[in-house]
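S.K.: here is a sequence together with a model predicted from it:
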Amino acid sequence: MNGTSFDAPSVGRILSKWLAGLAALAIVTTAAAQAQTTMYANATTPLLASAGGTAQGTVTPGTAVTVLDTSGADSHVQLEGWSMQGSDTVVFKGVGERIVLLVLNGDAKADRKAGESKKDDYGSSWQQVTVTGWVATKDLASSADAVWKAGQQVYDTRCSACHSLHAPTEFTANQWPGILKAMGKNASLDQADLDLVTRYLQAHAKGQ
């Protein structure tokens with residue numbers, strides 16, 4: 001027969017190598033997908049400069065982060081949001097939304113990358129930012145629902161002592177922080193509980 005011929009053993013070896021390559025690729029792809037998992041801060045959580053390092057800011061409860069890697073008891077995470085011009089140390093959920101995701105220390109050298117810019121309805125400039133750092137793995141939850149449930153428990157228990165509870169949908173996400181300033185003092189909420197209640201109410205607030 002003219003042309004090149006292939007014997008069965010050769011074809012078998014080629015097929016085996018090809019299948020082995022596919023299996024290796026599947027393992028790498030699966031590992032990468034597992035490494036980059038979305039998790040949620042279950043409380044006010046320090047953002048560290050490195051695994052076991054110093055704090056460079058704080059992540060608020062319920063904030064979604066992408067887990068890039070882990071080292072010991074800490075997870076390497078990335079979060080995305082928006083900073084208003086003149087407030088580079090504060091990362092908000094969206095343009096014009098006063099939902100705080102992260103507050104950086106003023107002197108921190110955070111791994112912060114800037115992206116596109118937009119203006120809100122009032123003409124203020126906002127810039128998309130991506131911040132990378134480390135958090136304690138124990139401070140992450142696989143679902144935001146558990147975080148909101150904890151926030152609701154604090155709100156129902158502590159904020160009903162003085163008056164009937166306001167429904168979360170009674171105010172917008174932008175209105176709740178100002179309202180809770182006075183309420184937090186009356187209910188003697190510490191900063192961690194105030195952050196938790198604020199984020200819970202904002203997550204369930206009425207539309208803007």
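M.R.: Ah, there it is.
S.K.: how about the strands in the protein?
M.R.: Chain-ordered strands for the chain, with DSSP state E as the definition, fall at 37-41, 45-48, 55-59, 64-71, 74-84, 90-92, 100-104, 111-119, 125-136, 140-141.
S.K.: turn those into TSV, including mean pLDDT and mean neighbour count.
M.R.: The C-beta positions use only the backbone N, C-alpha and C, and glycine is treated the same way. Output for the strands of the chain, formatted as TSV (pLDDT from 0 to 100; neighbours: other Cβ atoms under 10 Å):
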stretch	mean pLDDT	mean neighbour count
strand 37-41	97	19
strand 45-48	96	22
strand 55-59	96	22
strand 64-71	97	16
strand 74-84	97	20
strand 90-92	97	21
strand 100-104	97	22
strand 111-119	93	12
strand 125-136	97	20
strand 140-141	96	18
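S.K.: name whatever forms a beta bridge with the spatially most central residue of the chain.
M.R.: The residue lying closest to the centre of the chain (Cα atoms, centre = their mean) is residue 64, at 2.3 Å. Note on residue 64: beta-bridge partners by DSSP bridges are residue 40.
S.K.: mind giving me the domain split of the protein?
M.R.: Listed domain ranges for the chain are 37-141, 144-203 (source: automatic domain parsing).
S.K.: mind putting the strands of the chain into TSV with distance to residue 153?
M.R.: TSV is the format used below for the strands of the chain (distance: least, Cβ to Cβ, whole Å):
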stretch	distance to residue 153
strand 37-41	17
strand 45-48	19
strand 55-59	21
strand 64-71	21
strand 74-84	25
strand 90-92	26
strand 100-104	21
strand 111-119	34
strand 125-136	22
strand 140-141	15
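S.K.: out of those strands, nearest to residue 202?
M.R.: strand 100-104 (9.0 Å; Cβ to Cβ).
S.K.: chain center to that closest one: distance?
M.R.: 10 Å (Cα atoms, centre = their mean, to the nearest Å).
S.K.: confidence score at residue 197?
M.R.: pLDDT recorded at residue 197 is 95.
S.K.: now it: closest residue in space, sequence neighbours ignored.
M.R.: Spatial nearest neighbour of residue 197, excluding adjacent residues (Cβ to Cβ, 6 or more residues apart in numbering): residue 155 at 4.9 Å.
S.K.: show the contacting residues for the one you found.
M.R.: Taking Cβ atoms under 8 Å, 6 or more residues apart in numbering as the contact definition, residue 155 lies against 165, 197, 200-201.
S.K.: so which of those belong to helices?
M.R.: With helices taken from DSSP state H, the overlap with the contacts of residue 155 comprises 197, 200-201.
S.K.: tell me the one of those residues nearest residue 134?
M.R.: Once Cβ to Cβ is applied, the member of the ones in helices among the contacts of residue 155 that ends up nearest residue 134 is residue 200, at 25.3 Å.
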